[in-house]
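Student: A predicted structure for the sequence below; I have some questions about it.
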Amino acid sequence: MTLQRQQQDLELWRQWKQSNDPEHLKLLLDRMNPLVQREVQKWGAAVPREALESKGRLLTVQALRTYDPSRGAAIGTHVTSRLRKLSRDVYPYQNVARLPENKQLLYNTFQVATNNLIDQHGREPTVDELSDELKWHPKKVADFQKSFSRKELVESAGAFMEEGSADEGLVDFYHHGLAPADKLMFEDLIGFKGRSALNNAQLMKKYDLTQGQLSYKKRKFINDLRDIQQGRR
């Protein structure tokens with residue numbers, strides 16, 4: 001990226017920060033689009049490209065909002081760093097084909113609605129917004145979100161957790177060996193043994209974590225479970 005291009009990006013970013021004009025944001029997103037496409041290209045063969053592009057735009061907006069020129073990094077560098085988180089969104093799609101057809105349909109419908117709302121609002125949608133979009137009862141939306149949140153913990157190991165399955169036993173085994181503090185967080189994350197699962201905001205508040213710290217903890221849980229299932233622990 002040339003120095004001139006970096007300077008143009010910075011000037012447009014400053015105009016947007018001062019005006020909060022959606023047109024300035026659109027111009028910024030257009031300029032950052034090659035970075036989004038480069039990251040999407042890594043995963044597009046296995047994951048619906050439209051979904052990744054939608055999440056990529058959301059991550060770009062978040063990066064533009066948190067960018068601090070006083071730290072010395074170029075805007076493109078900051079956006080690229082944020083876009084690396086796109087890989088986390090690959091996992092919910094990788095094993096959808098293992099679900100029964102009716103669940104695949106529900107899952108895909110849910111993801112389409114979520115991505116539409118992300119495009120509209122530039123952030124993750126609320127339960128009420130998804131309820132209006134899907135014409136589902138809010139409780140159904142919340143239950144659906146919690147269900148797939150729990151499955152995220154084992155899906156990267158190659159299967160969805162179903163009640164009474166070997167994977168459910170795997171989770172029990174893993175839970176038993178956790179340190180007390182991690183055990184509590186794990187229980188709150190997955191809704192262990194019938195407990196109500198907490199969402200990201202609730203987890204961050206309860207355990208005094210940033211979004212990045214929470215994401216790290218989730219990924220560690222997933223990696224540990226994968227290792228157990230593959231017999232490496």
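Tutor: In hand now; what should we look at?

Student: which regions of the chain lie under the pLDDT threshold?
Tutor: 1, 43-48, 87-105, 108, 115, 118-119, 122-123, 146-170, 193-195, 226-233 (pLDDT under 70).

Student: Walking through it, point out its helices one by one.
Tutor: Shown for the chain, the helices assigned by DSSP state H span residues 3-19, 22-43, 49-66, 75-83, 91-94, 101-121, 127-134, 138-155, 166-176, 180-190, 200-207, 211-229.

Student: For those helices, could you give me a markdown table that also reports mean neighbour count?
Tutor: The way it works is simple: take the backbone N, C-alpha and C, and place the C-beta from them, glycine included. Converted to a markdown table, those look like this (neighbours: other Cβ atoms under 10 Å):
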| stretch | mean neighbour count |
| --- | --- |
| helix 3-19 | 14 |
| helix 22-43 | 16 |
| helix 49-66 | 19 |
| helix 75-83 | 19 |
| helix 91-94 | 16 |
| helix 101-121 | 15 |
| helix 127-134 | 17 |
| helix 138-155 | 18 |
| helix 166-176 | 15 |
| helix 180-190 | 16 |
| helix 200-207 | 13 |
| helix 211-229 | 16 |
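
Student: ok, now how distant is Val79 from Thr60?
Tutor: Val79 sits 5 Å away from Thr60, going by Cβ to Cβ, to the nearest Å.

Student: Quickly list what's touching both of those two.
Tutor: Common neighbours of Val79 and Thr60 are listed as Met32, Leu35 (criterion: Cβ atoms under 8 Å, 6 or more residues apart in numbering).

Student: OK, contacts around the residue lying farthest from the centre of the chain?
Tutor: Residue farthest from the centre of the chain, counting by Cα atoms, centre = their mean, is Gln4 at 33.3 Å. By Cβ under 8 Å, 6+ apart, the contact set of Gln4 is empty.

Student: what separates it from Asp30, distance-wise?
Tutor: With distances taken as Cβ to Cβ, Gln4 is found 17 Å from Asp30.

Student: Kindly report the same for Lys42.
Tutor: In terms of Cβ to Cβ, Lys42 sits 21 Å off from Asp30.

Student: got it, and Gly177?
Tutor: Separation of Gly177 from Asp30 (Cβ to Cβ) stands at 49 Å.
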